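Enquirer: Kindly return the folded structure for what I paste below:
(one chain, ligands or ions: 1)
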Amino acid sequence: MFLKELILKDFRNYLELNFNPDQGINIITGPNAQGKTNLLEAIFLSGMGFSFRLKDKDVVKWGNEHSILKSSYQLSDFTVDVFTQIKLDGLKKILINGSENNRKSLPGYYGIILFRPDDLQIIKGPPSQRRDFIDNDIGFISSVYRKLLKQYRRIVLHRNNLLRRGEHHKDDFKIWNEEFYRYGAEVLFRRIQLLKKYFPLARDIYGSIAGKNEKLDMKYLSSARISDSLSVDQIINDFIIEGKSREKEELYKKQTLFGPHRDDITFLLNNKDIRNFGSQGQIRSVVLALKAAQMKLFKCETGQNPIMLLDDVLMELDENRQNYLLKLISNNQAFITTTGFSKTISRHIDRVYFINSGTIKEREYTSSGNAPNE
Ligand SMILES: Nc1ncnc2c1ncn2[C@@H]1O[C@H](COP(=O)(O)OP(=O)(O)OP(=O)(O)O)[C@@H](O)[C@H]1O
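Expert: Okay, the predicted model is just below:
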């Protein structure tokens, strides 16, 4: 899949933009605060239907009422045209090939992968960051998983409300409890199935990046005691047992204390927890492996090469790792923001764009490794 055209109107610091990128590696360069990340945000938003920053409505150019994004994506044998309007009051209108009820055809479902400095939080941050990574970045690939998760979150919210109000003895609670076990088990089962495909990809990629002496392992940490031989029914039984044993604690704390919304992953390098013992470089390499594995998983599941958005991460890697990453994505369309340059980057570029105060210009470059002239 690749982005053929992006037109912006009143988006962040872009008054108007008409962008026809290359199908390969596009370098987006320029000084700080000129609109490089804004451009990646626009590509992400047009493909996924939401911004990777806090609120969608913040994208409206200051002093204006709405932003318009028009984009055209080429998939193997068809085109997807997306029209997005975001209003200052938060209302959003999305048309996909002219239709309003067709969100599942958003190009993001075929893979738009964002890699940015914040992703180090997948390793360093609290468990919620790792759950978000599983649910939003990996789980996004499965429509069944997305639906189950949405339903499960609603059930947990309701169950928590009943616990908070001390209404656990009512019949209503029993019904919600059964739903909690059932949807919790379905979500957990599917999550583990997805991770069984995903973990080996990440492990192999890390081996290629870091060499044979460093072995990456990932373990899923369930907040409930669950058996090894997993089936949905088995997990439901395990949850029932867990529920009974934690009943008093849940009543006391007035919240649901186990289930997929409380689980975590641990990352081990040579059997040691990377959070406690990993260097910055090792953590960066693990995150690089996670993102590359995400790309491979999307390719396996959808048959499309995802679009890669790399925001300010390339220059943080040494030239060997830059080379590894750029070779890996050589069959993908990529948008890479950077303020610096290296010989490795210049060897892999297809096009360079220079951004200045919300305007974009294509730049000539040489493979010497020098930054292109403004
Ligand atoms: N809604 C908005 N309307 C107008 N301008 C905005 C809006 N939101 C952000 N900006 C401007 O966008 C600019 C930041 O752009 P962006 O985050 O893309 O920077 P960047 O080029 O990626 O910089 P860096 O290299 O520092 O990461 C800032 O000048 C900011 O004032």
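
Enquirer: For the rest of this, base every contact and every neighbour count on C-alpha atoms.
Expert: OK.

Enquirer: In contact with the residue of the stretch 51-200 of the chain found nearest the ligand, which residues?
Expert: Closest residue of the stretch 51-200 of the chain to the ligand, C-alpha to the nearest ligand atom: Lys61 (3.5 Å). Lys61 makes contact with Asp10, Phe11, Arg12, Asn13, Tyr14, Leu15, Ser67, according to C-alpha atoms under 8 Å, 6 or more residues apart in numbering.

Enquirer: who in this protein is up against the ligand?
Expert: The chain has residues 12-13, 31-38, 58-62 near the ligand, with proximity defined as C-alpha under 6 Å from any ligand atom.

Enquirer: still on that earlier bit, excluding chain neighbours, what is closest to the residue of the stretch 51-200 of the chain closest to the ligand?
Expert: Arg12 (4.5 Å; C-alpha to C-alpha, 6 or more residues apart in numbering).

Enquirer: Also Tyr145?
Expert: Ranked by C-alpha to C-alpha, 6+ apart and with sequence neighbours excluded, the top spatial neighbour of Tyr145 is Gly139, at 6.2 Å.

Enquirer: my read: that neighbour touches Arg191, true?
Expert: Yes. Counting by C-alpha atoms under 8 Å, Arg191 is a contact partner of Gly139 at 7.3 Å.

Enquirer: which residues do those two both contact?
Expert: Common contacts of Gly139 and Arg191, defined by C-alpha under 8 Å, 6+ apart, comprise Tyr145.

Enquirer: Pick out the residue of the stretch 151-300 of the chain closest to the ligand.
Expert: Of all residues in the stretch 151-300 of the chain, Arg284 sits closest to the ligand, at 18.4 Å by C-alpha to the nearest ligand atom.

Enquirer: so what's that residue up against?
Expert: Here Arg284 is in contact with Leu120, Leu317 (criterion: C-alpha under 8 Å, 6+ apart).

Enquirer: ok, it to Phe115 distance?
Expert: To Phe115, Arg284 is 11 Å away according to C-alpha to C-alpha, to the nearest Å.

Enquirer: Name the SS class of the residue positioned nearest the centre of the chain, please.
Expert: With distances taken as C-alpha atoms, centre = their mean, the residue of the chain nearest its centroid is Asp137 (3.5 Å). Of the three states, Asp137 takes helix under DSSP: H, G, I helix; E, B strand; the rest coil.

Enquirer: How about Val80?
Expert: Strictly by three-state DSSP, Val80 counts as strand.

Enquirer: Show me what the helix or strand hosting Gln193 is packed against.
Expert: For Gln193, the host element (DSSP states H and E) is helix 171-210. With contacts taken as 3 or more C-alpha pairs under 8 Å, 6 or more residues apart in numbering; DSSP states H and E, helix 171-210 sits against helix 143-164, strand 216-221, helix 232-245, helix 280-302.
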